[in-house]
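S.K.: Provided below for reference: sequence and predicted model.
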Amino acid sequence: MFKISYMLLFSFMLGLFSANPAWATDDFTFTINSLSEFEAGQYPFVSGHALTLDKSPVSDVRIQVNFPSEKIKTSTNSTGQFYVTSMIPAETGEYTITVYAKKDNRFTDAEITYQVSESLPTNPLKVTTPPQPKITDGDVELDPFSKMIKQLEEQKEKEVKKKEIDKEQHQIDEQRMQAEAKLQEDLKDSEKRMEYYSPRNAFYRFIADVDSSIRGIFWQQFLFTEKLTKEAHDAKENALDEGKSSFEAMKIFQEKAKVTQNEIIGLNKNLNIQYGNATSDIQDQFDEKGKLPREE
């Protein structure tokens, strides 16, 4: 098995000079290559290269390749190359590929004949998939077809990897949602279990054994402290939400939660009157420090 190569010189059609004078002195050569033998089941191919006489690539040459069972159109790329492979696997026999090339008013064609056999067991060049030739110039790869195939494969690998990552992320998100729901459920159960030991319930159980005549006073004192503490806690949370430091937020909590001696005296005075343990006249006898004046 070996390559067949043809080099063709593009010819001028009548009227070329007047129609497109820029091409009058820029003739170029067009080389096509293929194998002389294929194995049944392989995919015949043709590659080619268009160069000016000074070896510069010629792009946008329109190509039509007529395989035995199909026609494929393409064009040369920026490096002057093209590559076309049949989409139909070869069957045994002798076949001819016809290649047509056209650039502006230039036109040429050529034929390549090849043999297809059942198998080539001793042939070291046996190819089981459509061949992908590589044409290089030093360290620079010029073959666009190989580059395109590589890019498509890399893109496909990226898409497959992205789908796998998205699937894993979806599973992780679902697991997080399930864990969060379970956590909230556990917290609610814990709150229910700890409700018995909450400050309010614990204090209520404590005053249950206190004399009923003063039980209400104790309870109102607790509610006063509870309300003060909650307001201080809310003020601290607001401070944290506004970006204040934990130290600043704690200072705000302490400021909101503090109560003066006069406030406590006033509270107890009103509670004694409210629950009938003293009258207003009696309570008014106490000074601002909650003490009875001494007789001199």
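M.R.: Great, that's in hand. None of these values were measured; they are calculated from a predicted model.
S.K.: And the helices in the stretch 151-296 of the chain?
M.R.: Secondary structure of the stretch 151-296 of the chain by DSSP state H, counting those that start in this stretch: the helices cover 199-207, 212-241, 246-257, 261-274, 280-284.
S.K.: Might you calculate how far the longest one sits from the centre of the chain?
M.R.: Averaging C-alpha coordinates over helix 212-241 and over its chain gives two centres that are 50 Å apart (Cα atoms, centre = their mean, to the nearest Å).
S.K.: Rounded mean pLDDT for it, please.
M.R.: Averaging pLDDT along helix 212-241 gives 89.
S.K.: what's the angle from it to helix 261-274?
M.R.: Taking axes from the mean of the first three to the mean of the last three Cα atoms, to 10 degrees, one finds helix 212-241 and helix 261-274 inclined to each other by 140 degrees.
S.K.: which strands and helices sit next to helix 212-241?
M.R.: helix 199-207, helix 246-257, helix 261-274 (3 or more Cβ pairs under 8 Å, 6 or more residues apart in numbering; DSSP states H and E). C-beta: built from backbone N, CA, C; applies to glycine.
S.K.: what's the angle from the first one to helix 212-241?
M.R.: Which is helix 199-207. Note on geometry: by the same axes, to 10 degrees, helix 199-207 and helix 212-241 are set 160 degrees apart in direction.
S.K.: Any chance of the helices and strands packed on helix 212-241 in TSV with distance to Pro68 and mean neighbour count as columns?
M.R.: TSV is the format used below for these (distance: least, Cβ to Cβ, whole Å; neighbours: other Cβ atoms under 10 Å):
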stretch	distance to Pro68	mean neighbour count
helix 199-207	93	13
helix 246-257	82	14
helix 261-274	105	15
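S.K.: how's the chain carved up into domains?
M.R.: 3-138, 143-197, 199-284 (automatic domain parsing).
S.K.: which stretch among those comes nearest Lys291?
M.R.: Nearest to Lys291 among the domains of the chain is domain 199-284 (9.6 Å), distances taken as Cβ to Cβ.
S.K.: How far away from the center of its chain is the closest one?
M.R.: Per Cα atoms, centre = their mean, the centroid offset for domain 199-284 relative to its chain is 54 Å.
S.K.: swap in stretch 92-101?
M.R.: How far stretch 92-101 lies from its chain's middle: 48 Å, per Cα atoms, centre = their mean.
S.K.: In that stretch, which residues are buried?
M.R.: Tyr95, Ile97, Val99, Ala101 (16 or more other Cβ atoms under 10 Å).
S.K.: could you point out which element follows the helix or strand containing the last one?
M.R.: When secondary structure is defined using DSSP states H and E, the element that contains Ala101 is strand 93-103. Remark: after strand 93-103, the chain's next helix or strand is strand 106-117, criterion DSSP H and E.
S.K.: That following strand - contacts with which helices or strands?
M.R.: If contacts are counted by 3+ Cβ pairs under 8 Å, 6+ apart, strand 106-117 sits against strand 3-9, strand 28-35, strand 37-39, strand 93-103.
S.K.: quick one, the helix or strand just after the shortest one and strand 106-117 angle?
M.R.: For strand 37-39, the succeeding helix or strand toward the C-terminus, using DSSP H and E, is strand 45-52. Orientation of strand 45-52 against strand 106-117 (the same axes, to 10 degrees) gives an angle of 150 degrees.
S.K.: Which helix or strand lies directly C-terminal to strand 45-52?
M.R.: Later in the chain than strand 45-52, the nearest helix or strand by DSSP H and E is strand 62-66.
S.K.: model confidence over that next one, on average?
M.R.: Strand 62-66 shows a mean pLDDT of 94 in the predicted model.
S.K.: The helix or strand immediately after it in the chain pairs with which strands, parallel or anti?
M.R.: Reading on from strand 62-66 to the C-terminus, the next helix or strand found by DSSP H and E is strand 71-75. According to DSSP bridges, strand 71-75 forms sheet pairs with strand 62-66 (antiparallel).
S.K.: Not counting its own residues, what contacts the strand it pairs with?
M.R.: Residues from elsewhere that reach strand 62-66 (Cβ atoms under 8 Å, 6 or more residues apart in numbering): 46, 48, 71-76, 82, 84, 97-103.
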